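Peer 1: this one's sequence-less:
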């Protein structure tokens with residue numbers, strides 16, 4: 001179905017798989033009995049139920065008609081049709097089999113495609129964020145629904161065939177690399193028959209799953225693995241080179257795929273775990289509770305054991321939406337140049353012999369180090385640039401004349417550097433020189449009648465030798481600059497790797513804040529770092545709305561899961577701490593993480609008008625989820641679950657305290673404003689309005705409105721860059737902090 005893109009009105013943010021608890025309850029009523037019997041297909045006359053009982057029977061609130069109606073104006077008709085398509089899909093969960101559900105999903109996918117085209121269209125650039133958010137809201141559900149259906153209907157034999165095909169391609173690629181390597185060695189290609197590379201390639205190309213292919217791969221594996229038994233040490237060493245090891249590894253992977261067997265069919269368990277995954281992920285999106293994350297991970301682990309494909313299809317969807325990076329940094333090339341630049345000016349004497357003349361004088365060399373980003377998908381790749389300008393004033397003396405010269409030479413040295421997040425790798429540098437000499441005077445050693453003639457001859461001779469003199473000057477620059485540039489850069493980045501480990505990584509590892517996954521990448525103008533803080537029992541982020549980065553800026557994006565996962569590493573759960581003890585605990589944690597002393601500002605003393613009673617001073621944190629944050633609709637929402645001890649009074653039972661906080665950048669200040677504090681009982685504990693009022697007063701005192709400096713100081717290798725926070729945005733679980 002081809003749909004035209006309407007004009008865009010306003011919309012709201014999505015939330016992954018979120019729906020109200022009562023909706024889940026309705027869906028659960030029809031599922032429990034059916035799953036428990038384990039006889040879905042039989043009871044329904046072999047009907048393929050698809051997503052029935054896994055997805056709810058009604059659309060979640062975020063996909064209701066009134067939400068789509070917010071895309072109004074020229075989008076009104078499209079919005080109405082989309083709402084109807086969504087309702088039709090959820091209705092078909094009860095009335096149609098998997099084929100009917102797939103038909104409804106195609107209609108939804110068409111709606112997703114319309115929004116994607118609008119997102120990609122520059123004419124809709126001003127509406128990029130609301131379009132992207134609405135697109136995410138619908139596409140996440142469509143992706144999960146399709147993956148769940150595909151998982152339920154996967155043919156184990158097709159899975160095995162696909163695994164074999166994929167690993168066969170890996171063997172083919174390894175053989176191609178081996179061929180290239182052996183072709184670079186005299187008579188090297190004679191080794192191909194020995195390791196059966198030719199016959200393996202031919203057989204796999206004809207039929208990757210045939211018994212003949214499997215037999216040949218086993219024989220090739222045995223032949224290479226048998227190098228340990230060779231008596232010739234040279235041959236043994238040769239067969240242990242990287243190209244052969246890569247070939248051997250690809251054969252191992254193929255044989256692993258051959259040995260793979262699908263799990264025993266257990267559709268009732270698979271359906272139950274799919275529902276458990278959806279429900280727990282949905283609940284986690286609302287609560288960010290540890291329990292929900294654990295349940296989601298457990299459900300996926302169970303799916304991996306009973307799904308015919310080992311959960312691969314669902315893994316791809318989860319990787320996109322809840323296992324993704326939750327900290328992202330984007331820095332412009334200009335910003336990096338401010339951070340890494342270094343300027344020097346050096347003066348020196350010139351003593352040389354050029355074209356038979358004794359040359360002496362002085363020179364001033366000015367250099368500036370910069371960065372030129374280069375495209376790379378897996379590393380931070382850049383050229384370190386050394387731009388130089390040499391101004392010299394010299395005199396060249398021979399027996400016939402003295403020649404005064406002003407040199408004005410420029411050069412650019414480049415040295416490629418790659419950083420994979422762990423170590424720096426440098427390449428040999430190159431240099432280009434543009435020499436320029438200007439003759440400022442010539443004194444000939446001839447007087448009297450012939451002095452004019454001698455002067456003319458000297459002028460002509462100097463001009464004739466200008467090209468050779470400039471070539472020699474360029475060579476001198478290359479000889480003096482490039483070796484020193486190579487040595488200094490190699491030493492600097494070698495030390496930088498160790499410094500990162502000692503000053504940064506060690507502290508993060510010691511506190512559990514070191515990311516479990518990360519990747520650097522670069523374009524010709526941007527450096528990107530994507531990292532994830534997530535343990536095997538935690539969840540990560542989805543994809544954020546793409547941020548824009550100014551030519552002079554950098555952006556930090558942090559998802560609420562990164563903050564909450566970090567809070568868990570502070571081990572506040574179940575702790576009983578006074579305010580000073582809590583502050584000290586946090587100071588110790590951050591000091592250890594950052595490998596430098598960190599001091600936290602104490603809250604202001606209570607206003608004298610409030611009396612002597614400062615409220616409860618000892619916090620009793622709940623055992624689970626003592627503190628959580630959410631980034632929603634422009635607010636940081638702090639949720640704390642804790643009780644309090646009061647001197648001479650009854651303890652305050654566990655409360656759930658919700659504190660909304662907003663940030664506004666005004667000039668060189670950031671205004672931090674606390675909203676209304678909401679206090680309620682938690683975990684069924686008692687306490688009434690009076691107790692809640694005491695806690696509310698305490699929190700308001702501890703978290704007053706404040707004004708902080710927007711200045712950010714970043715220490716580079718040679719200088720400190722002073723920047724300012726230019727914008728703070730909180731939306732859909734992400735905080736975006738822009739620095740210019």
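Peer 2: Arrived safely. Since we're looking at a predicted model, the values are computed, not measured. Residues are numbered from 1 along each chain as shown.

Peer 1: alpha carbons only for contacts and neighbour counts from here, please
Peer 2: OK.

Peer 1: What residues sit buried inside the one helix or strand residue 358 maps to?
Peer 2: For residue 358, the element it lies in under DSSP states H and E is strand 357-373. Neighbour counts over strand 357-373 (16 or more other Cα atoms under 10 Å) mark 357, 359-361, 363, 365-367, 369-373 as buried.

Peer 1: State the mean pLDDT of it.
Peer 2: Here strand 357-373 scores 92 as its mean pLDDT.

Peer 1: helices and strands around that strand, which ones?
Peer 2: Under the contact criterion of 3 or more Cα pairs under 8 Å, 6 or more residues apart in numbering; DSSP states H and E, strand 357-373 touches helix 333-340, strand 342-354, strand 380-397.

Peer 1: any chance of those in a markdown table, with distance to residue 713 and mean pLDDT too?
Peer 2: A markdown table is the format used below for the helices and strands packed on strand 357-373 (distance: least, Cα to Cα, whole Å; pLDDT from 0 to 100):
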| stretch | distance to residue 713 | mean pLDDT |
| --- | --- | --- |
| helix 333-340 | 10 | 90 |
| strand 342-354 | 17 | 87 |
| strand 380-397 | 22 | 93 |
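
Peer 1: Can you say which of those is nearest to residue 433?
Peer 2: strand 380-397 (9.2 Å; Cα to Cα).

Peer 1: so after that closest one, what's the next helix or strand?
Peer 2: Downstream of strand 380-397 (by DSSP H and E), the next one is strand 401-419.

Peer 1: ok so, going back, CSV for the helices and strands packed on strand 357-373, including mean neighbour count?
Peer 2: Below are the helices and strands packed on strand 357-373 laid out as CSV (neighbours: other Cα atoms under 10 Å):
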stretch, mean neighbour count
helix 333-340, 20
strand 342-354, 13
strand 380-397, 21
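
Peer 1: Pipe these into a markdown table and attach distance to residue 509 per row.
Peer 2: Converted to a markdown table, the helices and strands packed on strand 357-373 look like this (distance: least, Cα to Cα, whole Å):
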| stretch | distance to residue 509 |
| --- | --- |
| helix 333-340 | 25 |
| strand 342-354 | 31 |
| strand 380-397 | 22 |
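
Peer 1: Of all those, which one is nearest residue 182?
Peer 2: Comparing the helices and strands packed on strand 357-373 by Cα to Cα, strand 380-397 comes nearest, at 29.9 Å.

Peer 1: The closest one to strand 342-354, inter-axis angle?
Peer 2: 40 degrees (axes from the mean of the first three to the mean of the last three Cα atoms, to 10 degrees).

Peer 1: all helices in the stretch 401-550 of the chain, in order from the N-terminus.
Peer 2: Ranges of helices within the stretch 401-550 of the chain are 451-464, 466-500, 506-510, based on DSSP state H, counting those that start in this stretch.

Peer 1: Report the buried residues of the last one.
Peer 2: It refers to helix 506-510. Those would be 506, 507, 508, for helix 506-510 by 16+ other Cα under 10 Å.

Peer 1: Walk me through the domains of this structure.
Peer 2: 21-153, 158-259, 339-493 (automatic domain parsing).

Peer 1: Quick one: closest of the ones you listed to residue 631.
Peer 2: domain 21-153 (14.4 Å).

Peer 1: what sits against the residue nearest the centre of the chain?
Peer 2: Compute the mean C-alpha point of the chain, and by Cα atoms, centre = their mean the closest residue is residue 530, 1.1 Å away. The contact partners of residue 530, by Cα atoms under 8 Å, 6 or more residues apart in numbering, come to 325, 326, 327, 328, 329, 518, 519, 520.

Peer 1: residues of the helix or strand where residue 315 lies that come out buried?
Peer 2: Assigned by DSSP H and E, residue 315 belongs to helix 312-321. For helix 312-321, burial by neighbour count (16+ other Cα under 10 Å) applies to 312, 313, 314, 315, 317, 318, 319, 320, 321.

Peer 1: next one: stretch 576-585
Peer 2: 576, 577, 578, 579, 582, 583, 584, 585.

Peer 1: In CSV: those residues, plus pLDDT.
Peer 2: Shown next, in CSV, are the buried residues of stretch 576-585 (pLDDT from 0 to 100):
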residue, pLDDT
576, 95
577, 94
578, 91
579, 87
582, 92
583, 90
584, 93
585, 94
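
Peer 1: Out of those residues, the closest to residue 168 would be?
Peer 2: Nearest to residue 168 among the buried residues of stretch 576-585: residue 585, at 54.5 Å, using Cα to Cα.

Peer 1: Pretty sure that closest one sits in a helix.
Peer 2: Yes: looking at residue 585 with DSSP: H, G, I helix; E, B strand; the rest coil, it is inside a helix.

Peer 1: Against residue 509, how distant is it?
Peer 2: Distance check for residue 585 against residue 509: by Cα to Cα, to the nearest Å, it reads 18 Å.

Peer 1: Residue 177 now?
Peer 2: Residue 177 is 37 Å from residue 509, by Cα to Cα.

Peer 1: and if you look at residue 515?
Peer 2: In terms of Cα to Cα, residue 515 sits 9 Å off from residue 509.

Peer 1: Next: residue 435.
Peer 2: 51 Å.

Peer 1: Could you do residue 373 as well?
Peer 2: 29 Å.

Peer 1: Then residue 292?
Peer 2: Applying Cα to Cα to residue 292 and residue 509 gives a distance of 26 Å.

Peer 1: what residues are up against residue 715?
Peer 2: Residue 715 touches 339, 721, counting by Cα under 8 Å, 6+ apart.

Peer 1: Go again with 10 Å.
Peer 2: Each residue near residue 715 by Cα atoms under 10 Å, 6 or more residues apart in numbering is listed here: 339, 340, 721, 722.

Peer 1: From those residues, pick the one nearest residue 71.
Peer 2: Using Cα to Cα, the contacts of residue 715 come closest to residue 71 at residue 722, 41.7 Å.

Peer 1: Which residue, other than its chain neighbours, is closest to that closest one?
Peer 2: Closest residue in space to residue 722, ignoring its immediate chain neighbours: residue 713 at 4.6 Å, by Cα to Cα, 6 or more residues apart in numbering.

Peer 1: so the one you found makes contact with residue 723?
Peer 2: Yes: proximity of residue 713 to residue 723 meets the contact threshold set by Cα atoms under 10 Å, at 6.3 Å.

Peer 1: Those two - which one has more neighbours?
Peer 2: A count of neighbours by other Cα atoms under 10 Å puts residue 723 above the other of residue 713 and residue 723, at 17 against 11.
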